[in-house]
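Chemist: just to be clear, the model below is a prediction. Sequence and coordinates:
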Amino acid sequence: MRIALAQMHMAAAADDTVTAVDRNLTRSIDLIERSAEAGASLVMFPEVQLSPFFPQYPRKRSPYGDASQFAMNIDGPQVHALRKACATYGIWASPNLYIEQDGSRYDTSLLISSTGELVGTQQMVHIAQAEKFYEQDYYAPGDGFHVFDTPLGRIGIVICFDRHYPESIRTSVLRGADLVLVPTANTLAEPLEMFDWEVRVQAFHNSAIVAMCNRCGAEDGMEFSGRSIIAGPDGSTVAQAGAGDELLLADVDLAGARAMRGSKPYTQLRRPRLYV
């Protein structure tokens, strides 16, 4: 199947939050259409794609306050518009939004089918708290890793910081994922080559396809690096984007990844009773 990674910069909030969110939503829908026209079966997006990256500020010193203006509802107009676009263009999509649910707010990826059905959601599990990533000020932790059985194949989602814990992708694969999607917000200040290797090595160790889609462009004190990447189950780089806005396309074989995992010993010979 063909997968599309919608590497994009985000419209700044400036003085009009609604306009910024709407502009990002319009761009996202355009990328859904372009992905379908390019023959993709699935398009994924970067982390919190409709918002500025508000976690770069501690909540007490943020120009966005508690970021409530960016919190969306799973039944709200933005999700409805994304679902409608998937149905209109006949393509699966995994957007990532700031979702308020049951009194808490989460960094949440959605999985939407080509008929517009909301198949499921994945929330970030490990919540960072570091300079420029004050995420514990805004996100509640999710309850675990989910794998979705789809006509395209079995798909898992591991959000940004979660991928730094090998247990995240490994758990997704042990639960049957052939493809793991990683929406992220990587910056030029971070070890970019190491991040490439991190994705490739985990794809190799788990005999799975791993696709990491990043933001790009400058936002206040951060400059996002782009360089979205798709790694094959043998650890190869299937495709990689540059630094700017780009729709990265690649053909991947989910059944082939599953067959490779069955023929290699990495997951079958695990001895979990010996692990801490």
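Modeler: Sure, I can see it. What you see is a predicted model, and the numbers here were worked out from it, not measured in a lab.
Chemist: drop to CA atoms for contacts and neighbour counts, all remaining ones
Modeler: Will do.
Chemist: Cys160 and Asp102, how far apart?
Modeler: For Cys160, the distance to Asp102 equals 23 Å [Cα to Cα, to the nearest Å].
Chemist: more neighbours: these two, which one.
Modeler: Neighbours per residue (other Cα atoms under 10 Å) separate Cys160 from Asp102, with Cys160 holding more: 24 against 5.
Chemist: so what pairs up with the closest residue to that one other than its chain neighbours in the strands?
Modeler: Distances taken as Cα to Cα, 6 or more residues apart in numbering place Thr184 nearest to Cys160, at 4.3 Å, with adjacent residues excluded. For Thr184, the beta-bridge partners are Asn214 (DSSP bridges).
Chemist: which ones are touching Thr184?
Modeler: Pro46, Glu47, Ile159, Cys160, Phe161, Met212, Cys213, Asn214, Arg215 (Cα atoms under 8 Å, 6 or more residues apart in numbering).
Chemist: now the two most distant members of these.
Modeler: Phe161 and Arg215 (14.0 Å; Cα to Cα).
Chemist: neighbour count for these two, which is higher?
Modeler: Neighbour count, other Cα under 10 Å: between Phe161 and Arg215, Arg215 has more, with 30 against 20.
Chemist: residue contacts, that one?
Modeler: 7-10, 46-47, 49, 184-186, 224-226.
Chemist: possible to save those residues as a markdown table with secondary structure?
Modeler: Shown next, in a markdown table, are the contacts of Arg215 (DSSP: H, G, I helix; E, B strand; the rest coil):
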| residue | secondary structure |
| --- | --- |
| Gln7 | strand |
| Met8 | strand |
| His9 | coil |
| Met10 | coil |
| Pro46 | coil |
| Glu47 | coil |
| Gln49 | coil |
| Thr184 | strand |
| Ala185 | coil |
| Asn186 | coil |
| Phe224 | strand |
| Ser225 | strand |
| Gly226 | coil |
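Chemist: ChimeraX command for the buried members of the residues you listed?
Modeler: Applying 16 or more other Cα atoms under 10 Å to the contacts of Arg215 leaves a buried subset, and the ChimeraX line that selects it is:
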select :7,8,9,10,46,47,49,184,185,186,224,225,226
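Chemist: farthest-apart pair in the contacts of Arg215, please.
Modeler: Farthest pair in the contacts of Arg215, by Cα to Cα: Gln49 and Ser225, 14.8 Å.
Chemist: these two touch, right, Met222 and Thr187?
Modeler: Yes: judged on Cα atoms under 8 Å, Met222 makes contact with Thr187 at a distance of 6.8 Å.
Chemist: where does the stretch 51-200 of the chain dip in pLDDT?
Modeler: For the stretch 51-200 of the chain, no stretch has pLDDT under 70.
Chemist: helices of that one, start to end?
Modeler: Ranges of helices in the stretch 51-200 of the chain, per DSSP state H, counting those that start in this stretch, are 77-89, 166-174, 192-206.
Chemist: so which of these is nearest Leu247?
Modeler: Nearest of those to Leu247, taken as Cα to Cα: helix 77-89 at 16.3 Å.
Chemist: next, the buried residues of that closest one.
Modeler: Gln78, Val79, Ala81, Leu82, Arg83, Lys84, Ala85, Cys86, Ala87, Tyr89.
Chemist: closest to the centroid, which residue in this structure?
Modeler: For the chain, Pro183 is the residue whose C-alpha lies nearest the centre (Cα atoms, centre = their mean; 1.9 Å).
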